[in-house]
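Student: build the 3D model from these lines:
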Amino acid sequence: MAENTLSRNAALPYPVYGVPWAMAVPILDADGDPVTSAAGLDCEISKNADTMADIAGTESEIGNGQYLLTFTAADMTADVIAGTLKTSTAGAKSTQFSLYPRKLVKLRSGTAQGGAVGYITLDADAGATDNLWNGCLCVATIDGTVEARVISDYTGSNKQAAVVPNWNTAPDSDDTFDIYLPQGRQIPAEILTAVEAVLPAATSAALADALDGTGGVTLTLDRIVLTCNNAAGAFVIANDGGPGIKVTGLDYGIYAEATHGNGEGFYVTGPLAAFHADSVGAAAWLENTGAGGVGLQCNAAAGGYCIDLIADVGNCIVFEPGSGGTELVSTYFTDLEASVLLLERASRATSRTR
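Tutor: Down below sits the predicted model:
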């Protein structure tokens with residue numbers, strides 16, 4: 001007896017909503033014995049408790065009282081499928097069954113570039129990372145017939161997704177496909193270390209607008225971690241007139257911690273105020289964990305000030321040294337010179353109009 005290739009659509013060990021399916025069921029007599037060569041096979045199903053109707057698929061004998069039922073994609077468009085397989089053979093009983101198709105997450109849809117019986121060539125934007133779609137369910141409409149297979153191996157360079165078992169008909173360039181994420185599918189280690197985002201154009205555009213600020217889109221994220229291996233910076237903001245970064249927080253506006261021996265927790269350059277902070281709590285908290293490091297270092301250009309402090313009500317600077325600490329340490333001038341310098345700064349501040 002030859003293979004019934006329609007059974008290949010049972011690609012997963014469970015039925016999937018809207019995807020072709022196949023299953024084997026027995027026909028028994030009143031004594032529970034298998035009925036062979038049952039005649040007048042007729043399979044009917046009810047979708048979501050609707051009226052029973054003949055399936056669009058097929059019924060055929062396998063042997064030894066077992067029979068193959070194949071269901072089309074249209075047959076599987078229900079959450080609850082109640083079915084019965086009937087026969088006209090005297091003494092045989094109808095076989096009852098129930099199916100609960102699962103709804104899987106659709107990862108990608110597209111038009112194939114071509115293929116062969118052993119693979120399908122996905123669209124050009126399907127991803128360059130090898131093994132990206134391994135283990136996923138590929139449902140292709142090939143010359144009007146829907147087939148379902150599991151992707152066994154994906155090659156990013158040519159977009160070829162090998163399938164098991166083979167397609168009944170080789171895909172060509174006008175066939176479409178959908179890729180679904182099976183339940184329990186594990187992500188390969190190489191995907192975790194080389195993640196490639198394959199997003200629809202609309203999603204990519206919305207993300208770009210959110211990041212560059214031109215589209216007025218709000219991007220809400222729990223956390224962003226940036227690792228920079230380039231002197232240009234991990235996060236660069238170019239703005240025209242507005243603040244480069246505006247932070248509203250209950251605890252800290254910006255919390256900067258430098259852990260590298262030669263790194264800066266927060267590095268800012270600006271023609272006017274390099275750092276402007278209004279805060280009830282700590283506007284800026286600078287912590288340097290390296291020995292010999294500097295919490296805040298300022299290099300003022302000619303005519304500028306390293307620190308310009310104006311206090312309308314509160315204190316400009318409050319020193320709270322810990323055990324063994326010192327309020328102010330000056331390397332280049334004496335305590336007397338430092339006092340005069342502070343008085344000069346106060347004199348300038350009171351003469352300005354804010």
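Student: for this protein, longest strand please?
Tutor: In the chain, taking DSSP state E as the definition, the longest strand is strand 145-155.
Student: next, the buried residues of the next helix or strand after that one.
Tutor: Using DSSP states H and E, the helix or strand that follows strand 145-155 in sequence is strand 160-164. Within strand 160-164, the residues that qualify as buried are 160-163, counting by 16 or more other C-beta atoms under 10 Å. Yep, even glycine has a C-beta here, placed from its N, CA and C like the rest.
Student: ok, now stretch 81-95?
Tutor: Along stretch 81-95, these residues count as buried under the neighbour rule (16+ other C-beta under 10 Å): 81-83, 85-87, 89, 92-93, 95.
Student: same question for stretch 10-29.
Tutor: By neighbour count on 16+ other C-beta under 10 Å, the buried set for stretch 10-29 is 10-12, 15-16, 18-22, 25, 27.
Student: let's have those in a markdown table, adding pLDDT, distance to residue 3 and secondary structure.
Tutor: Listed next are the buried residues of stretch 10-29 as a markdown table, based on pLDDT from 0 to 100; distance: C-beta to C-beta, whole Å; DSSP: H, G, I helix; E, B strand; the rest coil:
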| residue | pLDDT | distance to residue 3 | secondary structure |
| --- | --- | --- | --- |
| 10 | 92 | 13 | coil |
| 11 | 90 | 15 | coil |
| 12 | 91 | 19 | coil |
| 15 | 97 | 21 | coil |
| 16 | 97 | 22 | strand |
| 18 | 96 | 25 | coil |
| 19 | 96 | 20 | coil |
| 20 | 96 | 16 | coil |
| 21 | 96 | 17 | strand |
| 22 | 96 | 12 | strand |
| 25 | 97 | 18 | strand |
| 27 | 98 | 21 | coil |
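Student: quick one: which of these is nearest to residue 50?
Tutor: Looking at the buried residues of stretch 10-29 and their distance to residue 50, the nearest is residue 18, at 16.5 Å (C-beta to C-beta).
Student: quick one, what contacts the closest one?
Tutor: Residues near residue 18 by C-beta atoms under 8 Å, 6 or more residues apart in numbering: 73, 76-77, 101.
Student: save those residues as TSV, and put in pLDDT too.
Tutor: What follows is these, written out as TSV (pLDDT from 0 to 100):
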residue	pLDDT
73	96
76	97
77	97
101	97
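Student: can you turn the buried part of these into a ChimeraX selection?
Tutor: Selecting only the buried entries of the contacts of residue 18 in ChimeraX, with 16+ other C-beta under 10 Å as the criterion:
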select :73,76,101
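Student: dump the contacts of residue 18 into a markdown table; add secondary structure as well.
Tutor: Supplementary listing: the contacts of residue 18 in a markdown table, determined by DSSP: H, G, I helix; E, B strand; the rest coil:
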| residue | secondary structure |
| --- | --- |
| 73 | coil |
| 76 | coil |
| 77 | coil |
| 101 | coil |
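Student: doesn't residue 20 make contact with residue 137?
Tutor: No: taking contacts as C-beta atoms under 8 Å, residue 137 lies outside contact range of residue 20: 11.3 Å.
Student: what touches both of the two?
Tutor: Shared between the contact lists of residue 137 and residue 20 (criterion: C-beta under 8 Å, 6+ apart) are residues residue 148.
Student: which among the buried residues of strand 160-164 gets closest to residue 56?
Tutor: Within the buried residues of strand 160-164, distances to residue 56 taken as C-beta to C-beta reach their minimum at residue 163, with 23.6 Å.
Student: which residue is the nearest non-sequential neighbour of that closest one?
Tutor: Nearest-residue entry for residue 163: residue 149, 3.7 Å, with adjacent residues in sequence omitted and distances by C-beta to C-beta, 6 or more residues apart in numbering.
Student: pLDDT value on residue 85, please?
Tutor: With respect to pLDDT, residue 85 has a value of 98.
Student: fine, thanks again, bye for now.
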